[in-house]
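J.: Structure of the sequence below:
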Amino acid sequence: MAQPPNPAPTRPPGLDGMADMILGWLKWGVLAAGVAGLLICAVMIIVGRRNRSATAYEGLIGSAWILGGLALASVAAVIVGAFQV
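T.: Residues are numbered from 1 along each chain as shown. Alright, predicted model coming up:
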């Protein structure tokens, strides 16, 4: 029985550099947002230490979400590669 063709993914001609540049910008944006988010959450935890427990709680929960987002961003290429046809 004949198998259907299954070519490897190839970049469109002329878009090699642009795709790499856009992915690089996105990676940089995720890292910058992650650092800023963690710093903001740290400030919320510090400020919420006295008589503002809701603020500290929101900072703690926010930092967990940020770490989850950074973890997802760090394995994005691996996840996409796992579903490659």
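J.: Helices of the chain, start to end?
T.: 16-47, 53-74, 76-82 (DSSP state H).
J.: tell me the mean pLDDT for the last one?
T.: If I follow you right, that is helix 76-82. Across helix 76-82, pLDDT averages out at 86.
J.: go on, stretch 4-18?
T.: In the prediction, stretch 4-18 has an average pLDDT of 82.
J.: Equivalent analysis for stretch 47-66, please.
T.: 91.
J.: how far is stretch 25-33 from where the chain is centred?
T.: In terms of CA atoms, centre = their mean, to the nearest Å, the centre of stretch 25-33 is set 8 Å apart from its chain centre.
J.: For that stretch, give me every contacting residue.
T.: Residues from elsewhere that reach stretch 25-33 (CB atoms under 8 Å, 6 or more residues apart in numbering): Gly69, Leu70, Ala73. For glycine as for every other residue, the C-beta is placed from the backbone atoms N, C-alpha and C.
J.: quick one: contacts for the first one?
T.: With CB under 8 Å, 6+ apart as the criterion, the residues that contact Gly69 are Val30, Gly34.
J.: Pick out the residue nearest the middle of the protein.
T.: Ala73 (2.7 Å; CA atoms, centre = their mean).
J.: dump the residue contacts of that one.
T.: So Ala73 contacts Lys27, Val30, Gly34 (CB under 8 Å, 6+ apart).
J.: hmm, 7 Å instead?
T.: Residues near Ala73 by CB atoms under 7 Å, 6 or more residues apart in numbering: Val30.
J.: Tell me, how many residues neighbour Met44?
T.: Residues lying near Met44 (other CB atoms under 10 Å) number 21.
J.: my bad, Asn6
T.: As a burial measure, Asn6 scores 6 neighbours (other CB under 10 Å).
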